[in-house]
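Q: compute the structure for the input listed below.
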Amino acid sequence: MTLAPEHTLGGTRSSHRWAQMPGNWDRLNTRALFPSSNEWGIPDLPATGCEPARLLPYNARHAIAAARPGDAVHFFLDDYRFETVWSKPERGLSRCQTVGTALTPDFSLWTTMPRVMQLWQVYRSRWCGAWLSAHGVTVIPTVSWSTADSYPYAFAGLPAGSTVAVSTVGIVRDRTARELFAAGYTAMLTALHPTLVLVHGTRPTCSVGDVPVRVYPSRWAAR
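A: Okay, here's the model as predicted:
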């Protein structure tokens, strides 16, 4: 992790005067920059072989407080429920450190989003993962994509030969979503060669190749 010089954090000569103000003054999180091997500067994440016993939703504070060894935090929620992990990263860090292991935030990638917005969502997810990892949290990369055009940056910063996580929630009844998921899943296997795929929701109906899959039913499926 590279800490940017204080006077450049906000991009103005007066940054040093308001850097100590309460609240999140650095909304782009430029105070911590991480190594990147891709053209967009999307942070690189380390590989992991972690296989959690349970996945706990980030917004389930009581469950997180009572977490057991082997648990992990997940972010397969509506985006607004975990926006604070980006906007107030210290708060997100505290919650994830309580458990010790966390998936990276699953900021939505919609097919209708302009490319720059999708890139920003991917950047934010990787940044949060790199931030957590730099502070001692075991991080499991979450992978998401939209159309085939998104693959180059959707997979950027992700380690090869690692455990990764995906979600199938919301695609079961949508044929187009299933087709996009299947195509992206195949591309992900080719690009990343994961050793294990954690699936939040139901087991993918598409071909998963010879890569092991572990399914964690969503709260809705578990009811």
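Q: and the most centrally placed residue in the chain, how far from residue 172?
A: The residue lying closest to the centre of the chain (C-alpha atoms, centre = their mean) is residue 104, at 2.6 Å. Using C-beta to C-beta, to the nearest Å, residue 104 is found at 23 Å from residue 172. Heads up, the C-betas are built off the backbone N, CA and C, glycines and all.
Q: cool, residue 138 as well?
A: In terms of C-beta to C-beta, residue 138 sits 30 Å off from residue 172.
Q: that's a helix at residue 215, yeah?
A: No: assigned with DSSP: H, G, I helix; E, B strand; the rest coil, residue 215 falls outside any helix and is strand.
Q: please enumerate the helices of this protein.
A: Using DSSP state H, the helices assigned to the chain run over residues 15-18, 61-65, 84-87, 89-99, 115-134, 151-154, 175-192, 219-222.
Q: which secondary structure elements does the fourth one contact?
A: Read that as helix 89-99. Other elements packing on helix 89-99 under the criterion 3 or more C-beta pairs under 8 Å, 6 or more residues apart in numbering; DSSP states H and E are helix 61-65, strand 71-74, helix 84-87, helix 115-134.
Q: would you put the C-alpha positions of the second one in CSV?
A: Coordinates of each C-alpha in strand 71-74 appear next as CSV, following Å, rounded to 0.1, in the frame of the first residue of the first chain:
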residue,chain,number,x,y,z
ASP,A,71,-16.7,-17.7,8.8
ALA,A,72,-16.3,-15.0,6.2
VAL,A,73,-18.2,-11.7,5.4
HIS,A,74,-19.9,-11.4,2.1
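Q: how far off centre is it?
A: Centroid separation for strand 71-74 versus its chain: 12 Å, with C-alpha atoms, centre = their mean, to the nearest Å.
Q: likewise the longest one?
A: Relative to its parent chain, helix 115-134 has a centroid offset of 7 Å by C-alpha atoms, centre = their mean.
Q: for the residue nearest to the centre of the chain, grab phi and psi.
A: phi -80, psi 150 (degrees, to the nearest 10).
Q: all set, thanks.
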